[in-house]
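Q: attaching a predicted model along with its sequence, questions to come.
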Amino acid sequence: MNKRIPSIGVLILVAVCSGLVGMYIATSLKLPPTSEALPFWKEGRQESASHVLMPSLKSLAKTASPTVVNIRTTRRISNDDLYRRFESPGGQNEWFDEFFRKFFEHLPEQELDQRSLGSGFIISKNGYVLTNSHVISGADEIFVSLSDDDGQEYRAKLAGKDDNTDIALIKIQSDRDDFPVAVLGDSDSLEIGDWIIAIGNPFGFGHTLTQGIVSAKARVIGAGPYDNFIQTDAAINPGNSGGPLINMDGEVVGINTAIVSSGQGIGFAIPINMAKQILQELKETGEVSRGWLGVAIQEVTPEIARAVGLQEPAGAMVTAVYPGDPAEKAGIRNGDIIVEINGQKIPDPMALTRLIGGLKPEEKVTIVVWRDARIVTLSTRLEKRSDDRITELGRLHGESPGRVKDKLGLVLGDVTPEAQKQLNLDESAGVLVLDIEPQGSAARSKLQKLDVIRQVGGTDVKNIGEYLAALEKVKHGQSVLMLVMRNSRPLYVAVDIE
């Protein structure tokens, strides 16, 4: 009897050990109890959850901030300019006009300074600064100040600008050759979700840093023929224009340019690689010479692609070929779909516009078009893109191969579907103000960039052709009342016709 006790003890010990081993295995392998149903979703492991800790940006700010400048400009306004602002629309109230004419005649001759603010960043030790063209447009004087220079202001002069991309290069007037310099990065390497910072001078408050991510790339907002914006949710406000968009390596990857006033967390920056392509030319000549093909184009929709036998809706469909221009000399016809230029595929009309604009006048190009369900290869030499030529074509054909400049000094474009969406417009009717030439009469009005003009002198205008036709009816010396959409709201603006 006493000999069986050890055997029973061994059995109990083995059973206990087996239970402990089973519990350990079940716990380690996360095996569910047999009474529980297995979930059909993926369950997280809370004990292994990791928290993303954002690093401090103070070292990045200390490195980048000294290269960013605040830009202040002045523009002188004479008594005549002031008088024109008080004239009644269309000269309809003679008593009103005569009263203000005499009032300003008896004032001593004076010039008032109209001021504006913006940002920029230094790209060379001898003081070249990169900024937006609209920041310094029409300026009689330009001043820049650095964050770490005890508030000292330097005078600057315009070295060159390109209104088509809204890029300008200015030069600080100083003998210094040790200015802090921003490092230019590669905007093509940006990915959606990358962290970035923006530094600028919002509302004149001085150097301000905001942080966010790259929200989207290659945005088209109707600001110009070469739109290719980086979209970011880093806070950008009036005064930030021209400031740098910086990646986490401290490199400038964009130039902060535009905002959607009716939205929040939506800002746009020009890719720095676009600026690199023209900086040398701006420095040497003050302007940019761009290639010109001489066609009006439209998007290839899926329906069009099926109708012409294309496998996919890609390329740029030719809607007009302008007489005497390179496209006509190459043999391009209406209805052709341009699918390739110099071996580069053309996915859409904007890609064609950017590619041709990046080439130089007299450069030979090989053009592949889709015609009559087959590939046709053509060639020609580009000519120089001219705003005067574009204005002439706009008046003759009532259409815009990119943008058109009118006699008031307004640079206009059609309201694209992308612009309609970004500006929160109820419809695409009207013409979009892309820029305002400083020497034009419209510069003295209250028109602004990204206004959409829908009426001229009481006449509705749906496109550039109708706008130019309505404008031609207004005589010189008169004022014309325009109905514009701004921030999704209607507003009347009077513009002098000189």
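A: Arrived safely, thanks for sending.

Q: please save the CA atoms from the helix or strand where Lys421 lies in CSV.
A: Using DSSP states H and E, Lys421 maps to helix 417-422. This file holds the C-alpha atoms of helix 417-422, laid out as CSV (Å, rounded to 0.1, in the frame of the first residue of the first chain):
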residue,chain,number,x,y,z
PRO,A,417,-13.1,72.4,-63.8
GLU,A,418,-10.2,72.4,-61.4
ALA,A,419,-10.4,76.1,-60.8
GLN,A,420,-14.2,75.9,-60.4
LYS,A,421,-13.8,73.3,-57.7
GLN,A,422,-10.9,75.0,-55.9
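
Q: tell me where the stretch 51-200 of the chain has helices.
A: 58-64, 79-86, 94-105, 133-136 (DSSP state H, counting those that start in this stretch).

Q: rank the ones you listed by pLDDT, which is bottom?
A: Of all the helices of the stretch 51-200 of the chain, mean pLDDT reaches its minimum on helix 79-86 (a mean of 50).

Q: quick one, strands of the stretch 201-350 of the chain?
A: All strands of the stretch 201-350 of the chain, identified by DSSP state E, counting those that start in this stretch, fall at 208-219, 229-232, 244-247, 251-259, 267-271, 291-292, 295-299, 316-321, 337-341, 344-345.

Q: buried residues in stretch 239-254, which are they?
A: Across stretch 239-254, burial judged by 16 or more other CB atoms under 10 Å covers 239-247, 250-254. Where C-beta positions appear, they are placed from N, C-alpha and C, glycine not excepted.

Q: now render those residues as TSV, adding pLDDT and distance to Gln173.
A: As requested, the buried residues of stretch 239-254 are exported to TSV (pLDDT from 0 to 100; distance: CB to CB, whole Å):
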residue	pLDDT	distance to Gln173
Gly239	84	23
Asn240	87	24
Ser241	90	22
Gly242	93	18
Gly243	94	21
Pro244	96	22
Leu245	95	27
Ile246	95	26
Asn247	94	31
Gly250	92	28
Glu251	95	28
Val252	96	23
Val253	96	29
Gly254	96	27
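
Q: which of those lies closest to Ile197?
A: Among these, Ile246 lies closest to Ile197 (CB to CB), at 5.0 Å.

Q: got a list of what that closest one touches?
A: Going by CB atoms under 8 Å, 6 or more residues apart in numbering, Ile246 touches 60, 64, 196-199, 252-253.

Q: for Asn334, phi and psi?
A: phi -60, psi 140 (degrees, to the nearest 10).

Q: mind putting the strands of the stretch 201-350 of the chain into a markdown table with distance to Lys405?
A: Listed next are these as a markdown table, based on distance: least, CB to CB, whole Å:
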| stretch | distance to Lys405 |
| --- | --- |
| strand 208-219 | 24 |
| strand 229-232 | 22 |
| strand 244-247 | 29 |
| strand 251-259 | 20 |
| strand 267-271 | 21 |
| strand 291-292 | 15 |
| strand 295-299 | 17 |
| strand 316-321 | 19 |
| strand 337-341 | 25 |
| strand 344-345 | 29 |
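
Q: closest one to Ser124 among the ones you listed?
A: Here strand 251-259 is closest among the strands of the stretch 201-350 of the chain (CB to CB), at 13.1 Å.

Q: okay, now the sheet partners of the closest one, with direction.
A: Applying DSSP bridges, strand 251-259 is found paired with strand 183-184 (parallel), strand 244-247 (antiparallel), strand 267-271 (antiparallel).

Q: distance from the chain centre to the second one, please.
A: Read it as strand 244-247. Relative to its chain's centre, strand 244-247 lies at 15 Å (CA atoms, centre = their mean, to the nearest Å).

Q: shaky segments in the stretch 301-450 of the chain?
A: 388-403, 439 (pLDDT under 70).

Q: ok and the helix or strand harbouring Thr353 relative to strand 208-219, angle-wise?
A: Following DSSP H and E, one finds Thr353 within helix 349-357. Helix 349-357 runs at 100 degrees relative to strand 208-219, counting by axes from the mean of the first three to the mean of the last three CA atoms, to 10 degrees.

Q: need the next SSE after helix 349-357, C-terminal direction.
A: The C-terminal neighbour of helix 349-357 among helices and strands, as given by DSSP H and E, is strand 364-371.

Q: got the angle for that next one vs strand 316-321?
A: 100 degrees.

Q: ok now strand 364-371, how far from the chain's centre?
A: On CA atoms, centre = their mean, the centre of strand 364-371 falls 29 Å from that of its chain.

Q: again with stretch 478-488
A: 23 Å.

Q: what average pLDDT does that stretch get?
A: Rounded mean pLDDT across stretch 478-488 is 84.

Q: tell me the secondary structure at Val474.
A: Secondary structure, DSSP: H, G, I helix; E, B strand; the rest coil: Val474 is coil.

Q: phi and psi next, for the closest residue to it other than its chain neighbours.
A: Spatial nearest neighbour of Val474, chain neighbours left out: Val480 (4.6 Å); criterion: CB to CB, 6 or more residues apart in numbering. Val480 adopts backbone torsions of phi -120, psi 140, taken as degrees, to the nearest 10.

Q: kindly report the same for Arg333.
A: Backbone geometry at Arg333, expressed as degrees, to the nearest 10, gives phi -120, psi 160.

Q: burial of it, as a residue count?
A: By other CB atoms under 10 Å, the residues close to Arg333 number 15.

Q: repeat for the one 5 residues further on
A: Ile338 is flanked by 26 other residues according to other CB under 10 Å.

Q: circling back: reformat the strands paired with strand 251-259 as CSV; add distance to Gly331.
A: Listed next are the strands paired with strand 251-259 as CSV, based on distance: least, CB to CB, whole Å:
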stretch, distance to Gly331
strand 183-184, 41
strand 244-247, 43
strand 267-271, 34
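
Q: so what's the residue most central in space within the chain bridging to?
A: Nearest to the geometric centre of the chain sits Phe229, at 4.5 Å (CA atoms, centre = their mean). The partner list for Phe229 in beta bridges (DSSP bridges) reads Arg219.

Q: that one touches Ile266, doesn't it?
A: No - in this structure Phe229 lies outside contact range of Ile266 using CB atoms under 8 Å: 10.5 Å.
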